[in-house]
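> Sequence and predicted model, in that order:
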Amino acid sequence: MSEIVEAQDLSDRGAPSKGGADRGRRHFLQCVAAATVAQAGFCGCGLHPALAAGGTIAASGTGPLVDPGKGYLVQQIGDGLYWVTDGAYSTMFMVSSAGVVACDAPPTLGENYFKAIAEVTDKPVTHLVYSHEHVDHIAGAHLFAKDVTIVAHARTAELLASRKDPRRPAPTVTFDTTYTLEQGNQRLELAYKGINHSIDNIFIFAPRQGTLMFIDVVYPGWMPYKNLGVAIDIPGFVEAHRKVLAYDFETLVAGHVSRPGNRQDVETQAELVKDLVNAAEQAYASLSFPAFLRQHPPRLAGTTAWDLHQDYEQTLVSQMHDGLLPKWRDRLAGTETYLRDNCWAMLETFVVQGKPDISGL
């Protein structure tokens, strides 16, 4: 709770200097680090809850724990910008002299989003920014006041028009390439840089706070969710790492896991992506499908080569998985859960879209 009290005090002082913003960001990152260390005692057994339940979790994946009775945690990143999480989903909101700009509306947060905002300001929410159209990140939007201005990419508006989902109201302001949202003394820079996780996923940058919000691509401290975060375009997913690192940011709001990220998290995941690409290339080079069929010919009447293609794929997936697991098991939380799915996704990318470009990663 001490972080929240300090966040409230800072927000009451108005816009600090750039130096004050830097100190605020450093304090935020220090608080996250301290909470990561301190949480071992939270469950009363000296272990992270996942460990207490018999599982394992890499240290990189731990973060500040959410009080289950409260259901959310809010912390100031710096200069009126706040991170809010329910422990699995996260987003950010910005307090300006003219009101609050909220980013995304995860339905798992629901009404708790407004409680988090009310902890630090009594100003009304004037704007809501959609990162992309997916239900799990914006289906709480219907809870916002009807007069809130909703900003989104033009493709997001098109997709939502076809979804006809009352939980995800249509945007009132759209853009194609870039959009600068200035509200009171605060500024957000929105940019669309191509397909990655989804066809409409945008970058949301708070330059004064050195904070980038980019959803469903980077999983700070964690192995990406299955099939590389269910990315619809894996070459675009790979390329997005270069685009993220082109920003001058210190803090990354990534939409998932139990803590915010930083540049090192992006660089670590870029290394993983390179390993996946190289492992897939090596797997295909080591064993072609015709060679697999010569080694494992169909033996049952009516069995065809196509019946064995799944076995071929899983042979290559196992080769990738077994080669990568020792390196990543202790570096990224969730590796034993998600690595195999991510190996399969990269293999399929080679077949459908070709080898992703990893130069410069």
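Received it, and whenever you're ready, just let me know what you need.

> Would you quantify the distance from the residue nearest to the spatial centre of the chain to V217?
When Cα atoms, centre = their mean is applied to the chain, the residue found nearest the centroid is A254 (3.1 Å). To V217, A254 is 7 Å away according to Cβ to Cβ, to the nearest Å. Where C-beta positions appear, they are placed from N, C-alpha and C, glycine not excepted.

> Next, find the distance separating the residue nearest to the centre of the chain from L324.
Distance, A254 to L324, using Cβ to Cβ: 22 Å.

> and what of I234?
Going from I234 to L324 by Cβ to Cβ gives 16 Å.

> Settle it for me: which of these two has more neighbours?
Just comparing I234 and L324: by other Cβ atoms under 10 Å the higher neighbour count belongs to I234, 25 against 20.

> so the more buried one makes contact with L347?
No. Using Cβ atoms under 8 Å, I234 makes no contact with L347, being 10.4 Å away.

> What segments of the stretch 1-150 of the chain are helices?
2-11, 18-38, 49-52, 112-120, 135-138 (DSSP state H, counting those that start in this stretch).

> least reliable of the ones you listed going by mean pLDDT?
Here these differ in mean pLDDT, and the lowest is helix 2-11 at a mean of 34.

> This protein - how does it break down into domains?
According to automatic domain parsing, the chain comprises the domains 2-272, 273-352.

> residues in contact with the lengthiest helix in the chain?
When the chain is scanned for its longest helix (criterion: DSSP state H), the result is helix 263-286. By Cβ atoms under 8 Å, 6 or more residues apart in numbering, the surrounding residues in contact with helix 263-286 are 60, 218-221, 223-224, 237-238, 241-242, 244-245, 249-250, 252, 316, 319-320, 323-324, 327-328, 331-332, 342-343, 346-347, 349-350, 355-356, 358, 361.

> buried set for that helix?
If you call a residue buried by 16 or more other Cβ atoms under 10 Å, then helix 263-286 has these buried ones: 263, 265-266, 268-270, 272-280, 283-284.

> Now the nearest residue to R329 once chain neighbours are set aside: phi and psi?
Closest residue to R329 apart from its sequence neighbours, by Cβ to Cβ, 6 or more residues apart in numbering: T335 at 4.9 Å. Per-residue torsions, T335: phi -60, psi -40 (degrees, to the nearest 10).

> just checking, T335 touches K327?
No. The criterion here is Cβ under 8 Å, and T335 misses it with K327 at 9.2 Å.

> Right, I'll leave it there.
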